[in-house]
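1. Quick check, what structure comes out for this input:
(chains A, B, C, D, E, F, G, H, I and J)
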Protein chains: 10
Amino acid sequence: MLFKVEMKVNLPHDMPAEVAAEIKAREKAYAQELQTQGKWRHLWRVAGSYANVSIFDVADNAELQDLISNLPLFPYMDIQVAPLCRHPSSIHQDDR
Amino acid sequence: MLFKVEMKVNLPHDMPAEVAAEIKAREKAYAQELQTQGKWRHLWRVAGSYANVSIFDVADNAELQDLISNLPLFPYMDIQVAPLCRHPSSIHQDDR
Amino acid sequence: MLFKVEMKVNLPHDMPAEVAAEIKAREKAYAQELQTQGKWRHLWRVAGSYANVSIFDVADNAELQDLISNLPLFPYMDIQVAPLCRHPSSIHQDDR
Amino acid sequence: MLFKVEMKVNLPHDMPAEVAAEIKAREKAYAQELQTQGKWRHLWRVAGSYANVSIFDVADNAELQDLISNLPLFPYMDIQVAPLCRHPSSIHQDDR
Amino acid sequence: MLFKVEMKVNLPHDMPAEVAAEIKAREKAYAQELQTQGKWRHLWRVAGSYANVSIFDVADNAELQDLISNLPLFPYMDIQVAPLCRHPSSIHQDDR
Amino acid sequence: MLFKVEMKVNLPHDMPAEVAAEIKAREKAYAQELQTQGKWRHLWRVAGSYANVSIFDVADNAELQDLISNLPLFPYMDIQVAPLCRHPSSIHQDDR
Amino acid sequence: MLFKVEMKVNLPHDMPAEVAAEIKAREKAYAQELQTQGKWRHLWRVAGSYANVSIFDVADNAELQDLISNLPLFPYMDIQVAPLCRHPSSIHQDDR
Amino acid sequence: MLFKVEMKVNLPHDMPAEVAAEIKAREKAYAQELQTQGKWRHLWRVAGSYANVSIFDVADNAELQDLISNLPLFPYMDIQVAPLCRHPSSIHQDDR
Amino acid sequence: MLFKVEMKVNLPHDMPAEVAAEIKAREKAYAQELQTQGKWRHLWRVAGSYANVSIFDVADNAELQDLISNLPLFPYMDIQVAPLCRHPSSIHQDDR
Amino acid sequence: MLFKVEMKVNLPHDMPAEVAAEIKAREKAYAQELQTQGKWRHLWRVAGSYANVSIFDVADNAELQDLISNLPLFPYMDIQVAPLCRHPSSIHQDDR
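-> Residues are numbered from 1 along each chain as shown, chains lettered A, B, ... in the order given. Reported below is the predicted structural model:
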């Protein structure tokens, strides 16, 4: 089951650089682990911003909540979620 | 070059059913032609709405404008566009 | 899987009264059928408005789209959807 | 009398972890006490967020204010309230 | 139990003058009847607009919905509702 | 001359409790003094919030500014003002 | 007593040209009459729009409502009102 | 050339009182100097707020930017600008 | 003097095609005339929309109003205006 | 390929003046370097604000992201991006 997830990062200006670097490193490792598992199907940067557009592929709403709330950057992001489903005009087999 | 395009359809309530049906049929044929050409890479329905989330793959902004403005439903849609690019944490080869 | 769905009805002012009545009758029958099936778990009027707050219980996003897009009032409503899941502080067994 | 209450938690980034943990523990105990009393009828997590959708069942507006303003997280939440009442199409006896 | 209700009237520009006059006459009679009954406690015009600020005094949310949805101008108004209760600093006995 | 005034309190999270208590005590005394003088005609809590809806009765705009800007909580509030006047359908003598 | 009033004109596209011309002629005459009386102190066009910024000088809120609601274009305008008063830094005698 | 300028002051809550007083004193002196020069034609307080509505009379956009960006409170204000010009219905000679 | 002007075209759905074509032809001729005169310095399509971003070069606000209000599409456009001036970091001689 | 980029600077009030000065100096040098390279085609100040309107000329979305995210002021700005392309009515050769 697919969800579009948009994340905008807002790091506090007074966060020490090494703390930010450590959180970002954990975020990257976690994001790549979820991609490897097939749960984070797409991850794009929105050009001109510190934000991304993502497609998650999860079993249900509960798994979506579990994956997102464990993002190391979760406390510092505005996150928008939209449930997706197959479009009747799609010809792509994996646009479920 | 990828763009996220979100389209929300607002057909006038007084449009005759057969006119609407004809426009939608042309929209579907056009959307499938663009998908076949690889220019409309993803097309998802937003669950609970008459709207879609799409990923377009175009040569440049001009081609994006050309493809979108030729949509048969173009005069009846609210359309939001966001330019995308590769995210440094992506491991998917086609998340350009 | 639960979703909060909020629906606001905007009937065109020039819709004939008997057309509106017929659509509303079909909407009511459909809503009650979905409630009987257990798919429309809660349905409340928002006091002071022509709007409702609903809880849908569906298999997945696709079923949510199927149920909502078939509402007779669908073309005349603003609809907002939010995916829900169990809250760690809930003690109600059916607040899945 | 029912109210939909939506709460979004915004903890200050510089709140010490043990202070946050203590407030959350009190919030959970209080939420479960109100659920046990039947005043907090439903409590759902909004998937992908630090937010909830709740249904309160109170005697009147004054009790709603009393219950909400005593939430330990009250100073740190954006809260939206909507008064609910029975929908003419509801078949659920407890959708008062 | 008190509610602040704000109503903004948006009559369709193509409504015949005599139809509008008839609806407004019924609205006025109904509003004065509810005021006489003590259910519509205050009714003020917002200066510079076709809008009002009102205070309703009702038994519960259901009565609020009943009174408002029966306003002859109901289909033509944007309506905002806020539940009120006694303020701890009020010294007015009827600011319940 | 009447004005609807809506006030939403946003105390900084790092304000010491005794400072907040002292400001609130002064606010309460000032609010009650203005009510006694007949200038603050109504004061209601908005249920589920740290906000109020008020009706001020002042000689002119200048007095409104004078009264509001001297509120001890003034620097910590979002304040919305709407000028009111008699509604042609009002039957209440004091709904000037 | 001064008020800033901003008016944005939205004439229906299907209003016959001679009807629009007649309303605008009455609006102009009325606006000039109010200016002559000193009640409409300033009237500026917002460059690039069919909108104006105005300063009204009235006895009270009721007169403001009376003057504005009698504008021939009143049913076709979005109108925003802000009560003004003397600024402590003003040196202009008529910036009351 | 006239511009409407609206300024809303948001002083940081942790700014020491003497720093705020010093900035405000400089702001007042600067505002009065510009008024004396005829460049700041009107200055009104918006009743019930820490905000003003102003009319600037400048040679061009560059002078507007120069005057506003040198306001001592500039870093602490939300500022909205609208270019004005003569309204065809104005009878006031100085409503250029 | 430069202004950024953003125009979004909203033609009524029931405008006859030949009327729309005639207005668009006049709009194009007028736009090209203003460009030839050097008053409409830049004109770009916003990709994926029926909208443009433009830079106007005018003597003053009054000329801006004159040029824009004479656009044949003026009654059918949402228009946003921002006054521009030289940026201290610009090295382009014509970025006045 | 052109993009309109709007940047609004929000420096934290507690940033030391010399830190701000150093960031601004680097921003200016970087902006002028990009202008020299032809990638930052236009740069205007929005009159009355700490904001700019810019036109970037880049090879693709990725280069736009690269240029913008390396702005020294990037962490302190709200940035809006719109993809541009040639307008059919433009007569300027460089309005690509």
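2. Thought B:Ser89 was touching A:Arg45, still the case?
-> No - using Cβ atoms under 8 Å as the test, A:Arg45 is too far from B:Ser89 to be in contact (9.1 Å). Placement of C-beta: from N, CA and C, glycine included.
3. Give me the more crowded residue out of these two.
-> A:Arg45 (23 against 18; other Cβ atoms under 10 Å in any protein chain shown).
4. That one bridge partners, please.
-> Listed beta-bridge partners, A:Arg45: A:Asn52, B:Cys85 (assigned using DSSP bridges).
5. Return the residues in contact with it.
-> Contacts here follow Cβ atoms under 8 Å, 6 or more residues apart in numbering or on different chains; on that basis A:Arg45 touches A:51-52, B:84-88, J:65.
6. how about 10 Å then?
-> By Cβ atoms under 10 Å, 6 or more residues apart in numbering or on different chains, the contact set of A:Arg45 is A:51-53, B:83-90, B:95, J:61-62, J:65, J:69.
7. Return the members of those classed as buried.
-> Among the contacts of A:Arg45, those classed as buried by neighbour count (16 or more other Cβ atoms under 10 Å in any protein chain shown) are A:51-53, B:83-87, B:89-90, B:95, J:61-62, J:65.
8. just the contacts of A:Arg45 now: which is nearest A:Tyr30?
-> B:Ser89 (9.2 Å; Cβ to Cβ).
9. Make sure that closest one is indeed in a strand.
-> No - read with DSSP: H, G, I helix; E, B strand; the rest coil, B:Ser89 is coil and lies in no strand.
10. my guess is it contacts A:Ala29, does it?
-> Yes - counting by Cβ atoms under 10 Å, B:Ser89 does reach A:Ala29; the two are 8.9 Å apart.
11. residues near the nearest residue to A:Gln65 once chain neighbours are set aside, how many?
-> Leaving out its chain neighbours, the residue that sits closest to A:Gln65 by Cβ to Cβ, 6 or more residues apart in numbering or on different chains is D:Ala47, at 4.2 Å. Applying other Cβ under 10 Å, we find 28 residues neighbouring D:Ala47.
12. okay, and for chain A, where does confidence drop off?
-> By pLDDT under 70, chain A has no low-scoring segment.
13. Name the single longest helix found in it.
-> helix A:17-36 (DSSP state H).
14. that older thread, report the two of the buried ones among the contacts of A:Arg45 separated the most.
-> Most distant of the buried ones among the contacts of A:Arg45, by Cβ to Cβ, are B:Pro83 and B:Ser89, 18.3 Å apart.
15. Any idea how many residues pack against the nearest residue to A:Ile91 once chain neighbours are set aside?
-> Nearest non-adjacent residue to A:Ile91, counting by Cβ to Cβ, 6+ apart: B:Gln35, 4.8 Å away. B:Gln35 has 19 neighbours, counted by other Cβ under 10 Å.
16. OK, contacts around B:Gln35?
-> By Cβ under 10 Å, 6+ apart, B:Gln35 lies in contact with A:89-92, A:95, B:41-43, B:54.
17. dump the residue contacts of A:Trp40.
-> Taking Cβ under 10 Å, 6+ apart, one finds A:5, A:30-34, A:54-58, A:67, B:89-92 in contact with A:Trp40.
18. Among those residues, which one sits closest to G:Pro12?
-> Distances from G:Pro12 to the contacts of A:Trp40, taken by Cβ to Cβ, are shortest for A:Val5, at 41.7 Å.
19. Wait, a helix at the closest one?
-> No - applying three-state DSSP, one finds A:Val5 to be strand, outside a helix.
20. quick one, what contacts it?
-> Applying Cβ under 10 Å, 6+ apart, the residues near A:Val5 are A:40, A:42-43, A:52-56, A:64, A:67-68, A:71, A:79-82, D:48.
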